[in-house]
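S.K.: sequence below, structure please.
(one chain, ligands or ions: 2)
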Amino acid sequence: MSVHQLSIVGIAAMGLTLGTVSAAKAFTITNPANGHQYFQTTPDTWTGAQAQAVAAGGNLVTINNAEEQAWLISIFGSKSPFWIGLNDIEVEGQFKWASGQPITYTNWLPSEPNNFPHIPEGEDFVQMFGDTGTWVDTTTYLINLPPNFSPGIVEIETPPESVPEPSTLITLLVFGGLGVRSLLLRKSQ
Ligand SMILES: [Ca+2]
Ligand SMILES: [Ca+2]
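M.R.: Ligands and ions are numbered 1, 2, ... in the order given. You can find the predicted model right below:
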């Protein structure tokens, strides 16, 4: 195989890689423990961050165990508060994951959740923060404070790699065709 042919194979392979990763998921990180993909949303309300998650094919993160919690801190850092999937929107005090999964692990800060009583709309949404990623129930509009727009962490359980996008197939067809033509030209020389 000549250098020219090798470069065509290389470009086709690059198209395959780029074609399966859409712009919205360009910065996803895979957790080797479960194969799930994660990324950080832009700062938003909990509801807005969850909408970003759903648009990407996931939900705000479901933290199933201490290992997943520790991995999240190691990847996303502990400084900024992050929305996670836990909420008690439907019934006050009955927390649920946005993904619908059962609660198998919690990491509440002591005294939380407290549905802090001086907030008219209550505290229906959970953030993790601090060096151990401890959880608090909170909300977007806190009295005497700027709106609490924070990034959320998204978890996608079904990675999209298994379905090549049309652009990938076009790339392969175009470069595959060029490769065959190149081979035929070399043979005819
Ligand atoms: Ca999880
Ligand atoms: Ca609280």
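
S.K.: what's next to stretch 119-126, contact-wise?
M.R.: The list of residues contacting stretch 119-126 from outside it, by C-beta atoms under 8 Å, 6 or more residues apart in numbering, reads 46, 83-89, 92, 95, 113-116, 135-143. The C-beta positions use only the backbone N, C-alpha and C, and glycine is treated the same way.

S.K.: give me the subset of those that also touch ligand 2.
M.R.: Counting by C-beta under 5 Å from the ion, 114, 116, 136-137 from those sit close to ligand 2.

S.K.: buried among the residues you listed? Need that as a selection in ChimeraX.
M.R.: With 16 or more other C-beta atoms under 10 Å as the burial test, the buried ones among those are selected in ChimeraX as follows:
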select :136,137
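
S.K.: pLDDT wise, what is the closest residue to Gln50 other than its chain neighbours at?
M.R.: Residue nearest to Gln50 in three dimensions, not counting chain neighbours: Leu60, with 5.1 Å by C-beta to C-beta, 6 or more residues apart in numbering. The per-residue pLDDT reported for Leu60 equals 98.

S.K.: again with Ile8
M.R.: Here, the pLDDT recorded for Ile8 equals 40.

S.K.: still on that earlier bit, where is pLDDT lowest across the ones next to ligand 2 among the contacts of stretch 119-126?
M.R.: Scoring these by pLDDT puts Phe116 last, at 84.
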